[in-house]
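Student: pasting the sequence and the predicted coordinates here, then a few questions.
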2 protein chains.
Amino acid sequence: MQIAYLLYDRFTALDITGPHDVLNSVPGNEAIFVAERAGPVRNESDTLSLVADASIAEVTEPDVIVVPGGFGTRALLEHEPLLDWIRSTHEGTKYTTSVCTGSLLLAAAGLLEGAPATTHWLARDTLAELGAKPVPDRVVEHGKILTAAGVSSGIDMALRLIQVEYGDELAQAVQLGIEYDPEPPVDAGSPEKAPQPIVDLVTQAFEAQEAGQPAAQARPP
Amino acid sequence: MQIAYLLYDRFTALDITGPHDVLNSVPGNEAIFVAERAGPVRNESDTLSLVADASIAEVTEPDVIVVPGGFGTRALLEHEPLLDWIRSTHEGTKYTTSVCTGSLLLAAAGLLEGAPATTHWLARDTLAELGAKPVPDRVVEHGKILTAAGVSSGIDMALRLIQVEYGDELAQAVQLGIEYDPEPPVDAGSPEKAPQPIVDLVTQAFEAQEAGQPAAQARPP
């Protein structure tokens, strides 16, 4: 399969490199990083550039698209060149996928009207405003559309795609290859598990970042 | 803290972007991606470039270094320019860290002589040959040196660093921010958990890649 990984200004690097290192472990899969214009694209905290090797105009019939999130998402909710590409490639994809606030772009493109979908836990209201039905799950499947929750959940989403497309054994092999046997030293990975003061802290920090403050300055605590 | 993220030809993207998106969530932390020469650096499967914004000669006193793994590691085990930089920055770091086969570079630089350390489960013998004492744990702490196991384990290592340096609350906040609440659809993330045929499959695929075959062609099954 040809898998197109979308980049745009102020994306989150882990949102896109997580699925890439999972899906790219499958022999025969072709990876192509794309953006509106080819060249380096800066992440949300202005600390890292990933390179788009092609423009979206050059990649029109990928089998899979992966749309990451990031604090740059909201600036693109009416940006037709990108939404058009999502809409038109979706017609021919085998899987259309998103991570974190990437699902806001799928929704803005009209792909999630009335459909169950997930996103970063802090973006559920926005996802609903865009016409989707937010589900507080880590990975949500709706036909060929797979949406993942915040940032790190793209790894689980990509493993699930491999399981659906290729079966359990390949999913196991890829999981073992990237040694994905998580052991976080604390247990606060969802708003249900985290203490309320931590939830409040992160909420405030993210609201500051959405307002455009530099990421490294606005983040918790 | 200034955190230097090292890039080199044929690195693994998730090894370095995982810790970056964790450590970069801490306000005041400065991130700088470095390589022997500034500019785009290609990953192990020739599918993605990350940009080194500075050369290693320009970043001589970082507080933290993060050394990723990748199939390019073994070609660098006697590459003095890189080993010298690891050795000399280590003298002044608060934390010296690695992910996956990145620990082979720490060992080759002489930092792990007789010391407990971890690496990708398939590289434990090589790590021992380089003078370290391989431990089959996900994150191993030895003084200020933190080594992590394969690929995805860099996320746990970076969260542990935050916990040690800043305490539980900030580690919880960062974990919640990246919604790190893993739910892999299969349970084969370590050689102890995976069925033996899967372990054999991945072993063969990685040996083929170490021998220099293109990643996407040699990977399992």
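Tutor: Sure thing, it's come through.
Student: contacts, neighbours, all on C-alpha from now
Tutor: Fine.
Student: where in chain A is pLDDT low?
Tutor: Low-confidence regions of chain A, defined here as pLDDT under 70, cover residues A:212-221.
Student: if I pick residue A:139, what's in contact with it?
Tutor: A:118, A:146, A:147, A:148, A:149, A:153, A:156, A:157 (Cα atoms under 8 Å, 6 or more residues apart in numbering or on different chains).
Student: turn those into CSV, columns for secondary structure.
Tutor: Listed next are the contacts of residue A:139 as CSV, based on DSSP: H, G, I helix; E, B strand; the rest coil:
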residue, secondary structure
A:118, coil
A:146, strand
A:147, strand
A:148, strand
A:149, coil
A:153, helix
A:156, helix
A:157, helix
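Student: only the buried subset of these, as a PyMOL command please.
Tutor: Selection of the buried residues among those in PyMOL, burial being defined by 16 or more other Cα atoms under 10 Å in any protein chain shown:
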select buried, chain A and resi 118+146+147+148+149+153+156+157
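Student: tell me what the nearest residue to residue A:124 once chain neighbours are set aside is bridged to.
Tutor: In space, not counting the residues next to it along the chain, residue A:124 is nearest to residue A:134; the distance is 5.8 Å by Cα to Cα, 6 or more residues apart in numbering or on different chains. Note on residue A:134: beta-bridge partners by DSSP bridges are residue A:117.
Student: now stretch A:46-55: how far from the chain's centre is it?
Tutor: The chain centroid and the centroid of stretch A:46-55 are separated by 16 Å under Cα atoms, centre = their mean, to the nearest Å.
Student: what about the residue nearest to residue A:124, distance to residue B:86?
Tutor: Relative to residue B:86, residue A:134 is positioned 46 Å away (Cα to Cα, to the nearest Å).
Student: in chain A, which residue is closest to the centre?
Tutor: Closest residue to the average C-alpha location of chain A: residue A:99 at 1.9 Å, with Cα atoms, centre = their mean.
Student: isn't that residue up against residue A:148?
Tutor: Yes. Residue A:99 is within contact range of residue A:148, at 4.7 Å (criterion: Cα atoms under 8 Å).
Student: correct me if wrong: residue A:35 contacts residue A:11.
Tutor: No. Using Cα under 8 Å, residue A:35 is not in contact with residue A:11; the gap is 11.1 Å.
Student: who's more crowded, these two?
Tutor: residue A:11 (27 against 24; other Cα atoms under 10 Å in any protein chain shown).
Student: list the contacts for that one?
Tutor: Shown in contact with residue A:11 (Cα under 8 Å, 6+ apart): A:42, A:43, A:44, A:68, A:69, A:70, A:71, A:72, A:73.
Student: repeat that for residue A:120.
Tutor: Neighbouring residues of residue A:120 by Cα under 8 Å, 6+ apart: A:100, A:101, A:149, A:150, A:151, B:179.
Student: and the helices in chain A?
Tutor: A:13-23, A:80-92, A:102-108, A:124-129, A:153-166, A:168-177, A:196-210, A:215-218 (DSSP state H).
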